[in-house]
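A.B. asks: the following block contains a protein sequence and its predicted model.
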Amino acid sequence: MSDGPLQSAKREWHAILSSRPTLVIIAAVGIVAGLAGPFGTLEHLTPLPRLAYWLGLCFVTYVTGSILVTMLTAGGLGRFLPRAPAVLVAGALAGLAITLEVALLNWAVFGLVPTAPRYVAGLALNGILIAMIIAGVALYLGPSTPNAPVSRLPSLLERLPLDKRGTLISLSVQDHYVEIVTSKGRDMLLMRLSDAIRETDPIPGLQVHRSHWVSLAQVRSVRRDGARAVLTMSDGRDIPVSRSNIAAVKEAGLLPG
């Protein structure tokens, strides 16, 4: 499986859109800023346009910062620097892209042409600070990509004996049971696969077959098998991907588009 910058970016985008807490936090920050009207927006914009401005700005800058930090750390910085410095350096570089976005948005909304050196320098400073804050939060909480460690125990694992509560790898249907495979062994539960999948939260995962669900962090390689694909998991097992789920596997960044 190629785990290059593009695949990492796809996984990060998917993780952001599928993370309700992340979206709620972005929306909350945008609403607060829209009501408060910092940086002169209170005087220059009426309430609804101001709210739209800040919601859009918060979403775009967070997504840009998060994805670029992920791509830069996966694309080279992470190979030469320890994780913390790599993330912070990537955040500073991502800030340049955020500066450009803010400059273009302000040009479109306020007519502020980004030519004055002092104005551009102020935007760059703010953009870099914003990106480094996003990177610092990501570093503290752990990346939102599937390779991130999960701090909260999924409710599904609470059903297992204590000695089986390891890292969740996969779920598979066995007759009327679901086989739960973890890093500490296997167990069978009498339940539907759909119900078991709902209890895997907050682990990023994907149903790749009508009989199989996998934790994305535990996929070690993928190979094509005609119109289908096969995933090799961290415990060495192969899990088939049905033809109907190939698109979802590509969207998750496990296969080239």
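C.D. replies: Looks like it arrived, so ask away.
A.B. asks: so where's the chain uncertain?
C.D. replies: 1-8, 11, 74-76, 78-79, 83, 138-152, 257 (pLDDT under 70).
A.B. asks: quick one, strands of it?
C.D. replies: Under the criterion DSSP state E, the chain carries strands at the ranges 168-174, 177-182, 185-190, 205-209, 212-215, 219-225, 228-233, 238-241.
A.B. asks: ok, and the closest non-adjacent residue to Leu104?
C.D. replies: Pro114 (8.0 Å; Cβ to Cβ, 6 or more residues apart in numbering). C-beta: built from backbone N, CA, C; applies to glycine.
A.B. asks: got the contact list for that neighbour?
C.D. replies: Counting by Cβ atoms under 8 Å, 6 or more residues apart in numbering, Pro114 makes contact with 103-104, 106-107, 120, 123.
A.B. asks: reformat those residues as a markdown table; add neighbour count and distance to Ser183.
C.D. replies: As requested, those are exported to a markdown table (neighbours: other Cβ atoms under 10 Å; distance: Cβ to Cβ, whole Å):
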| residue | neighbour count | distance to Ser183 |
| --- | --- | --- |
| Ala103 | 19 | 47 |
| Leu104 | 11 | 46 |
| Asn106 | 19 | 49 |
| Trp107 | 12 | 51 |
| Val120 | 13 | 50 |
| Leu123 | 20 | 47 |
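A.B. asks: in helices only, show me these.
C.D. replies: When the contacts of Pro114 are checked against helices (DSSP state H), the matches are 103-104, 106-107, 120, 123.
A.B. asks: Leu190: which of those is nearest?
C.D. replies: Leu104 (56.0 Å; Cβ to Cβ).
A.B. asks: and the closest one, how far is that from Leu77?
C.D. replies: 26 Å (Cβ to Cβ, to the nearest Å).
A.B. asks: follow-up on the earlier one: now distance to Gln218 too, for the ones in helices among the contacts of Pro114, in JSON lines please.
C.D. replies: Shown next, in JSON lines, are the ones in helices among the contacts of Pro114 (distance: Cβ to Cβ, whole Å):
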{"residue": "Ala103", "distance to Gln218": "42"}
{"residue": "Leu104", "distance to Gln218": "40"}
{"residue": "Asn106", "distance to Gln218": "44"}
{"residue": "Trp107", "distance to Gln218": "45"}
{"residue": "Val120", "distance to Gln218": "45"}
{"residue": "Leu123", "distance to Gln218": "42"}
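A.B. asks: on that earlier part again, wait, which of the strands of the chain is closest to Leu42?
C.D. replies: Closest approach to Leu42 among the strands of the chain (Cβ to Cβ): strand 205-209, 43.5 Å.
A.B. asks: which elements pack onto that closest one?
C.D. replies: For strand 205-209, the packing partners by 3 or more Cβ pairs under 8 Å, 6 or more residues apart in numbering; DSSP states H and E come out as helix 193-198, strand 212-215, strand 238-241, helix 246-251.
A.B. asks: cutoff 7 Å now
C.D. replies: strand 212-215, strand 238-241, helix 246-251 (3 or more Cβ pairs under 7 Å, 6 or more residues apart in numbering; DSSP states H and E).
A.B. asks: which parts of the stretch 51-200 of the chain are helices?
C.D. replies: With DSSP state H, counting those that start in this stretch as the criterion, the stretch 51-200 of the chain has helices at 78-80, 83-110, 117-141, 193-198.
A.B. asks: highest mean neighbour count out of these?
C.D. replies: Ranked by mean neighbour count, these are led by helix 83-110 with a mean of 18 (mean count of other Cβ atoms under 10 Å).
A.B. asks: relative to helix 117-141, how tilted is it?
C.D. replies: Counting by axes from the mean of the first three to the mean of the last three Cα atoms, to 10 degrees, helix 83-110 lies at 140 degrees to helix 117-141.
A.B. asks: before we move on, back to that, dump the helices and strands packed on strand 205-209 into JSON lines; add mean neighbour count as well.
C.D. replies: Output for those, formatted as JSON lines (neighbours: other Cβ atoms under 10 Å):
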{"stretch": "strand 212-215", "mean neighbour count": "24"}
{"stretch": "strand 238-241", "mean neighbour count": "18"}
{"stretch": "helix 246-251", "mean neighbour count": "16"}
